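**Q** Make a model of this:
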Amino acid sequence: MISISKDKNTIKLLEIEKKSLNSMLDIQKNLNKQILQFLKNFFGDLKLELNFDSENKAFHYINEATSILNHSNTNIEKLNTLLKKLDEILLEISNNSVEEKIIQYNNIFNQDIDILYKNTSLIEEFIHKISLQNLANILEEINQTSEESSKDSNEATNLIDSNLLNSSFIENTLVISEMQGKVILPYKIQEINNILFNNNDKYSSIEDVIEKLYTRPMKDYRFSAITRFKEAYKLVTEREHKSKMQALSLASELFANLSLHPAIITACKSLDELDIYLACLEDNTLDEFPFFEVKYEIAPKLQKQENPF
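**A** The predicted structure follows:
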């Protein structure tokens with residue numbers, strides 16, 4: 001906050017305020033980095049064979065970390081806004097209305113400072129808490145539970161007599177098939193033919209190329225929230241070749257997007273495609289999404305037959 005005084009150099013006061021805000025911003029960025037590092041380490045060692053359970057430790061830590069990260073991003077955004085206001089004042093320092101702009105700045109500062117302190121307190125409490133935890137032991141316990149759950153699930157799946165999809169090739173379509181227990185990513189026959197022609201020592205047929213390069217098991221998407229995070233991270237770092245910071249930011253944002261099937265992130269070739277899909281999803285205009293169709297093959301529910309006697 002800037003104390004307006006005729007006896008003091010206004011430019012000097014503004015520079016001091018700017019220096020103070022930059023120091024606060026450095027602290028917030030450091031806290032933000034620690035949260036992102038926790039998320040990166042946690043997701044990097046967490047196995048996906050995990051049924052969604054709101055009581056699970058994994059969900060608790062991920063949900064809390066995502067919430068805290070949002071508080072951290074809010075702090076950084078507010079400090080950047082205040083710094084931008086200061087720069088605007090410094091550019092107009094010779095203007096007679098600068099005192100009015102300082103008053104406006106102080107009003108914004110007073111509104112934001114309590115939020116900044118409250119958020120920072122929550123962030124520091126979370127970082128202190130995770131620093132006292134043995135992350136390796138937590139992950140080992142969660143992954144052990146995951147493997148047991150996966151084994152039970154696989155045994156139940158073997159009882160289902162799944163039918164194959166129609167043998168005709170479905171171009172430019174993301175197929176999410178519960179009956180086959182697999183996800184088939186969008187492709188074009190011309191692309192498949194080119195791959196087959198140039199790699200006939202690796203692949204024996206069009207079906208072989210699709211199975212090996214465009215097909216993933218449904219179990220990879222079992223825990224949707226975690227998979228959304230991982231697929232978004234890979235999209236940004238591997239396909240867009242952008243920074244890990246940008247990847248973690250998008251991954252944290254999509255983690256809680258319950259309307260987004262993680263396979264759609266896998267199917268998108270670029271951030272632009274994903275952004276357009278999300279816009280269509282929000283506007284309920286998915287029929288206008290131009291890049292690929294999404295088809296679901298849901299396993300029919302078994303109905304109990306009534307006892308005639």
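**Q** tell me the helices in this structure, going along the chain?
**A** Using DSSP state H, the helices of the chain run over 10-45, 57-91, 98-131, 135-157, 189-198, 206-213, 224-234, 244-255, 262-267, 271-283.
**Q** Worst mean pLDDT among the ones you listed?
**A** Ranked by mean pLDDT, the helices of the chain bottom out at helix 135-157, which scores a mean of 49.
**Q** so how far is residue 10 from the residue lying closest to residue 112 once chain neighbours are set aside?
**A** Counting by Cβ to Cβ, 6 or more residues apart in numbering, the nearest residue to residue 112 once its immediate chain neighbours are dropped is residue 78, at 4.7 Å. For the C-beta atoms, the positions are set from N, CA and C on the backbone; glycine is no exception. In this structure, residue 78 lies at 23 Å from residue 10, with Cβ to Cβ, to the nearest Å as the measure.
**Q** Please say which of the two ends up with more neighbours.
**A** Between residue 78 and residue 10, counted using other Cβ atoms under 10 Å, the more crowded position is residue 78 (22 against 17).
**Q** got a list of what the residue nearest the centre of the chain touches?
**A** Geometric centre of the chain, nearest residue: residue 251, 1.9 Å, by Cα atoms, centre = their mean. The contact partners of residue 251, by Cβ atoms under 8 Å, 6 or more residues apart in numbering, come to 39, 43, 228, 229, 230, 232, 233, 236.
**Q** Quick check: the gap between it and residue 93.
**A** Between residue 251 and residue 93 the distance is 42 Å, computed by Cβ to Cβ.
**Q** One more: residue 31?
**A** Per Cβ to Cβ, residue 31 is found 33 Å from residue 93.
**Q** These two: which has the busier surroundings?
**A** Using other Cβ under 10 Å as the criterion, residue 31 and residue 93 rank with residue 31 on top: 22 against 11.
**Q** thinking again about what came up before, could you redo the helices of the chain as JSON lines and give each row distance to residue 170?
**A** Rendered in JSON lines, the data for the helices of the chain read as follows (distance: least, Cβ to Cβ, whole Å):
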{"stretch": "helix 10-45", "distance to residue 170": "32"}
{"stretch": "helix 57-91", "distance to residue 170": "34"}
{"stretch": "helix 98-131", "distance to residue 170": "45"}
{"stretch": "helix 135-157", "distance to residue 170": "23"}
{"stretch": "helix 189-198", "distance to residue 170": "10"}
{"stretch": "helix 206-213", "distance to residue 170": "10"}
{"stretch": "helix 224-234", "distance to residue 170": "22"}
{"stretch": "helix 244-255", "distance to residue 170": "26"}
{"stretch": "helix 262-267", "distance to residue 170": "13"}
{"stretch": "helix 271-283", "distance to residue 170": "19"}
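**Q** Which of those helices sits closest to residue 296?
**A** Across these, residue 296 has its closest neighbour in helix 262-267 (10.0 Å, Cβ to Cβ).
**Q** contacts for the closest one?
**A** Counting contacts by Cβ under 8 Å, 6+ apart, the residues touching helix 262-267 from outside are 174, 176, 183, 185-186, 216, 221, 224, 227-228, 230-232, 235, 254, 274, 277, 292, 294.
**Q** Can you list the buried residues in it?
**A** Of the residues in helix 262-267, those buried under the neighbour-count criterion (16 or more other Cβ atoms under 10 Å) are 262, 263, 264, 265, 266, 267.
**Q** and which of these is nearest to residue 210?
**A** Comparing the buried residues of helix 262-267 against residue 210 with Cβ to Cβ places residue 267 closest, at 13.8 Å.
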